[in-house]
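Trainee: Need the 3D shape of this:
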Amino acid sequence: MIERKRKIILIQLTIFIVAVSLLFITYRDKNEAIEEVVKIKTETDPDTNSFVDIQYSGFDLNGNRYTLVAGTANFKTESPEAINMKKVVANFYLKDDTILKVVSDEGLYNNITLDMLFKKNVKTTYLTNTLLSEELDYSSTDGKLLASGNVRGESVEKGKFIADNVEYNLANNNLDFSMLGKKQVKVKLKN
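Mentor: So this is what the prediction gives:
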């Protein structure tokens, strides 16, 4: 009988030691993971404010309504008017009840002058027209969009074009094409 009790106590003691060891290993790993997350959070720049899923809306200086949405945005505390953005989508609701949409990987928004600069993989759509470029600069003061850097466009009704720069005037819906140097604008019109 004494031998049987010793075996039971030995088995219980072994199970207890294994259980305590498992608990220690489990909670020890979680504490280390939490410490790593805290270290990552403390390494951010104290001079920069960052936001996620932001939206700006208002009226430009020409009376057109706009919305500006970004996946992430940040600004330096010494220049809070210059908002750097990533994954940008802008909609301009023009006075003639049409919508001009701009999508880009990056952007810069000045919340005082209301000027916007779209950069990297810029895609602009207006009605049945598409314009692709590396940069698109929107001047609220002038009411103009200036596309530059590998500009190519397509109109469902009119055809395709390639240019170095394209300027779009929001007030009168005019497009001005230009090329740098002696190159010429390439246009392929549909019949």
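
Trainee: which stretches of this protein form strands?
Mentor: Under the criterion DSSP state E, strands of the chain are mapped to 48-59, 65-76, 82-93, 99-110, 116-126, 129-139, 144-155, 159-169, 174-178, 186-189.

Trainee: Tell me how far the residue nearest to Leu68 when sequence neighbours are not counted lies from Ala171.
Mentor: Nearest non-adjacent residue to Leu68, counting by CB to CB, 6 or more residues apart in numbering: Tyr56, 4.3 Å away. (C-beta placed from N, C-alpha, C; glycine too.) Going from Tyr56 to Ala171 by CB to CB, to the nearest Å gives 22 Å.

Trainee: which of those two has more neighbours?
Mentor: Remark: of Tyr56 and Ala171, Tyr56 carries more neighbours, 17 against 13, as counted by other CB atoms under 10 Å.

Trainee: Show me the domain layout of the chain.
Mentor: Annotated domains of the chain cover 1-43, 48-189 [automatic domain parsing].

Trainee: Buried deepest among these, which one?
Mentor: Across the domains of the chain, averaging neighbours per residue (mean count of other CB atoms under 10 Å) puts domain 48-189 on top, at a mean of 16.

Trainee: Grab the nearest non-local neighbour of Ala70.
Mentor: Ala70 sits nearest to Met85 (CB to CB, 6+ apart), 3.6 Å away.
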